[in-house]
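Q: Whatever this is, show me its structure:
(3 chains)
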Amino acid sequence: MENFLLNRWYQFGFSHELGDVPLARTIIDIPVVAFRASTGISALLDRCPHRFAPLSTGTIEQDRIVCGYHGLAFDGSGRCALNPHGRATTALRVQSFPVEERHGAIWIWMGDARQADTGLIPDLSFIDETPETARIHFTLAIRASYRLVTDNLLDLSHADYLHPDSLGGVMTGVRPAVAETDAGLAVEWENRDVVPPPRFHERISASQRANAWTRAEWQAPAVMVIKTALTPADRGRSREDEVWALHSMTPETAQSTHYFVCGTRRDRMDDAEYSTRLRAMLQRAFEHEDKPMLEDQQRRIGTADLSSLRPMLLPIDAGAVLARRKLDRLIAQEQAADSAPSQ
Amino acid sequence: MENFLLNRWYQFGFSHELGDVPLARTIIDIPVVAFRASTGISALLDRCPHRFAPLSTGTIEQDRIVCGYHGLAFDGSGRCALNPHGRATTALRVQSFPVEERHGAIWIWMGDARQADTGLIPDLSFIDETPETARIHFTLAIRASYRLVTDNLLDLSHADYLHPDSLGGVMTGVRPAVAETDAGLAVEWENRDVVPPPRFHERISASQRANAWTRAEWQAPAVMVIKTALTPADRGRSREDEVWALHSMTPETAQSTHYFVCGTRRDRMDDAEYSTRLRAMLQRAFEHEDKPMLEDQQRRIGTADLSSLRPMLLPIDAGAVLARRKLDRLIAQEQAADSAPSQ
Amino acid sequence: MENFLLNRWYQFGFSHELGDVPLARTIIDIPVVAFRASTGISALLDRCPHRFAPLSTGTIEQDRIVCGYHGLAFDGSGRCALNPHGRATTALRVQSFPVEERHGAIWIWMGDARQADTGLIPDLSFIDETPETARIHFTLAIRASYRLVTDNLLDLSHADYLHPDSLGGVMTGVRPAVAETDAGLAVEWENRDVVPPPRFHERISASQRANAWTRAEWQAPAVMVIKTALTPADRGRSREDEVWALHSMTPETAQSTHYFVCGTRRDRMDDAEYSTRLRAMLQRAFEHEDKPMLEDQQRRIGTADLSSLRPMLLPIDAGAVLARRKLDRLIAQEQAADSAPSQ
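A: The predicted structure follows:
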């Protein structure tokens, strides 16, 4: 049984994924149903306390989710607001989880609800600053541990080999700089005076030289912002040059991940057709290259702990190794606090 | 490993399901093959004692089932009647199970054969009294415990929510009367002076009032007869008004069930076209509403014992709870008797 | 966890199956990738030592297999010949397995490489002596233990029942002669003065009498040559009459087998159309009769050890029983040698 970090916000999904029907997702092994009410989004254990029917197959009526099996209705707090077969006693309740909608995403707190602090939601204001036309969304089901998905992004040198025709071309040979941050870790790659890869030729001609910059900012347990820029070698980099993307690796189970991506940019922000082209390029990389590779890795690793198999780590893995250690430490601290005698 | 009640008859199938080829079904985790001989139906362990080939993939010749692998032939008692490779010694035998064909169904005894008493086969003469044209059969494979299928039928209030367009409309708010019977339990619902649901409007107009009556008679371990009637409120109910249906929930494994239904009626008994229409309505309810709900429940419960998950039971569950208790008691008694020293 | 015999050659595949892309196969539970280099075939553990990506999804460049994830390149010995991210240290290596291409097949040694003696590769020169036009190949994935596949071939009386329209017709009633050989076991069936089955009528008319002869030569752990002949009863048998076939049962896992067959003959050796017809007949037998039967057996046996289920063995099983015993003894000896203190 894998231990997850509990007292943190996990991305449950994107706002646009939750319409007027319930949305069911398993998060850290727990089945959850989210639904919209006039008072906001709610998230409940997706299991009616009466007979364990999934509430997500029911309907939403008057801000309540109604079980499709016997008609018990629960409000967003998990309280049974209607029992057609008797009294709606206080015992008739289903576990609820704190949820918050922010930055175009839905965030869920699976741990101790009293500690749920919305101030801990990752600051992704860059998404709010980006018009819908320039946002590129992915929701991918990866049959691999969220730790492998994280490793994949903290060592972006893989792009040169796994995504040679799209994202690769400027990473190999650069020693990344790894720095601890308050919430996690930042890994930064700078490659100066390189030949711009073909995908940039619209902006920088093949005859020019360029500086490539990438920065991955990881927050425990499972959120990353990746910032990239390719700029002419003869001038500095401004925020306008940078492309920022959210990558959330929400654990579904120990060996499967809800992988959410939201890419943004600062140029041609109203050009939806350009977004469509970029999306196709990214989809190939994420869905047809990263996903199979991650699932292949997981199959080779099986249910073993990665470190027990003694991988031959390289300098490029520095970020991933530090992130795993930091996450392990946070989980250990949380479990120690939980088992400590209360004063 | 789930314990099943052994010394009782389980429905193996319907008579019309067993033609002139063998029929293989796993019953309480044991693979069984049934076949017809001139002397009647036989049921054997579906595993040749020689090399463990399934006998059910063989052929029937001269009242014997012939293994398709090496030609060993077994008669209905399990005795090897022909060994093409040597002597048919008495050691060459396969386990046989008592079977009996009655009420259009095949009944099998998985326990101690010496105790197999055909007097214990549920009395379903109402099926014999019904012409084929008025019988409606279902054989459904449910990936859920037979106990969940039983619970579902002992609390028929679910019909109002899960089958609103077909079977529902007259149960909610009625407190069922639960009574122990010799073989099990009877749960009865009476709802007087109700508006007849649309499906009855051919017989009782929407402007009339009606009395709704339902009675579920359960016998351990896994047979139920459900009787229903909707009659005009201004007259009494006669047998002719009642619709009786057999529901058998034969355990295949701890988490899967052979669900057999045979519906009968007393009106328009020669109207096969009417049966076809009724069947379509029932198929929607049983196959497309009950089956997914039961399988969803089982997925939420997993392999846990239901009570260990502490469901919040309601008064409507009284029948289901009592039936589970009675079944548990019978299983415990049987196991105690098995382990007692023989005199 | 099943114990396999390690210090022997297993057939990895046929030569024609390995082209210019890597070929991945799991052998005795270990994922292996084979690839062709200018220096010959190599076989490596199919798991990059860095991040456990399968090497088989990579590419072959300059006699090296290049991991598709981060570009590490390994030569045929398993040495990292190129690390784009730093030094190719000697620690960066992947396990290699001795392989040898012989008799149109690829042979792999999964045990102690120092003991890999190509002299132990089964002598299958009869394949080399057969032109391609007269070779009939099968590679079948069987979801059953290689021991069951072996049993199946060491008791060929099953052909009369499982393959009555193709291979059967001359085995039942013949007591096989079983003899130990250096490498394993030979089982021989002779049936004199029989009516030739229909498939031979092109060569021996239905009115003639014939002698049927079959010899299965098994070598531990998993290779067999089956020789058959049907000759007119009034003359002796020559090598020209004999049809020889290789059957390799390479364990993939404890419960699945790579089943390789290469049939050869001495008549009409240039007649490819005749081979096509023969292949269709054999395909029916191997793929549509043997394979389902073996998989059915395995399902009935589950993960149990066959002997623990106490099969009722017959005289026809003598060869299979002796082969199992011999194999068990060889495995026990090997394990004893491995655990003995070295001098």
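
Q: Show me the helices in the stretch 51-200 of chain A, by range?
A: According to DSSP state H, counting those that start in this stretch, the stretch 51-200 of chain A carries its helices in the segments A:125-128, A:146-154, A:159-162.

Q: Can you tell me the closest non-neighbouring residue to the residue of the stretch 101-250 of chain A at minimum distance from chain C?
A: Nearest residue of the stretch 101-250 of chain A to chain C, counting by Cβ to the nearest Cβ: A:Tyr161, 4.4 Å away. All C-beta spots, glycine's among them, are computed from the backbone N, C-alpha and C. In space, and not counting its chain neighbours, A:Tyr161 is closest to C:Gly71: 4.4 Å by Cβ to Cβ, 6 or more residues apart in numbering or on different chains.

Q: looking at the helices of the stretch 51-200 of chain A, which is buried most?
A: Most buried of those by mean neighbour count (mean count of other Cβ atoms under 10 Å in any protein chain shown) is helix A:146-154; its value is a mean of 24.

Q: Now tell me what touches it from outside.
A: A:142, A:158, A:185, A:187, A:216, A:218, A:221-222, A:224, A:226, A:247, A:249-251, A:257, A:259, A:290, A:293-294, A:297-298, A:301, A:306, A:317, A:319-320, A:323-324, A:327, C:51 (Cβ atoms under 8 Å, 6 or more residues apart in numbering or on different chains).

Q: Spatially nearest residue to A:Asn211, not counting backbone neighbours?
A: Using Cβ to Cβ, 6+ apart and skipping residues adjacent in sequence, the residue nearest A:Asn211 is A:Arg192, 4.9 Å away.

Q: follow-up on the earlier one: show me what contacts the residue of the stretch 101-250 of chain A closest to chain C?
A: For A:Tyr161, the contacting residues are A:Gly168, C:Cys67, C:Gly68, C:Tyr69, C:His70, C:Gly71, by Cβ under 8 Å, 6+ apart.

Q: how close does A:Ala116 sit to A:Arg329?
A: Using Cβ to Cβ, to the nearest Å, A:Ala116 is found at 22 Å from A:Arg329.

Q: out of these two, which sits in the busier spot?
A: Just comparing A:Ala116 and A:Arg329: by other Cβ atoms under 10 Å in any protein chain shown the higher neighbour count belongs to A:Ala116, 20 against 11.

Q: Next, the contact list for the more buried one, please.
A: A:Asn7, A:Pro98, A:Trp109.

Q: For those residues, pick the one with the most neighbours.
A: A:Trp109 leads these on contacts (other Cβ under 10 Å) with 23 neighbours.

Q: Keep only those of the contacts of helix A:146-154 that are in helices.
A: Per DSSP state H, helices hold the following members of the contacts of helix A:146-154: A:Met293, A:Leu294, A:Gln297, A:Gln298, A:Ile301, A:Gly319, A:Ala320, A:Ala323, A:Arg324, A:Leu327.

Q: which one among the residues you listed gets closest to B:Pro311?
A: Closest approach to B:Pro311 among these (Cβ to Cβ): A:Gln298, at 34.8 Å.

Q: mind checking how far the closest one is from A:Arg265?
A: A:Gln298 is 31 Å from A:Arg265, by Cβ to Cβ.

Q: do A:Leu162 as well
A: Relative to A:Arg265, A:Leu162 is positioned 22 Å away (Cβ to Cβ).

Q: for A:Arg192, same thing?
A: Applying Cβ to Cβ, the value for A:Arg192 to A:Arg265 is 22 Å.

Q: the more surrounded of the two?
A: Set A:Arg192 next to A:Arg265 and count neighbours by other Cβ under 10 Å: A:Arg265 wins out with 20 against 11.

Q: Quick one: residues contacting the more buried one.
A: A:Thr130, A:Ala134, A:Val243, A:Trp244, A:Leu278.

Q: give me that answer again for 7 Å
A: By Cβ atoms under 7 Å, 6 or more residues apart in numbering or on different chains, the residues touching A:Arg265 are A:Ala134, A:Val243.

Q: Before I go, just wanted to say thanks for your time.
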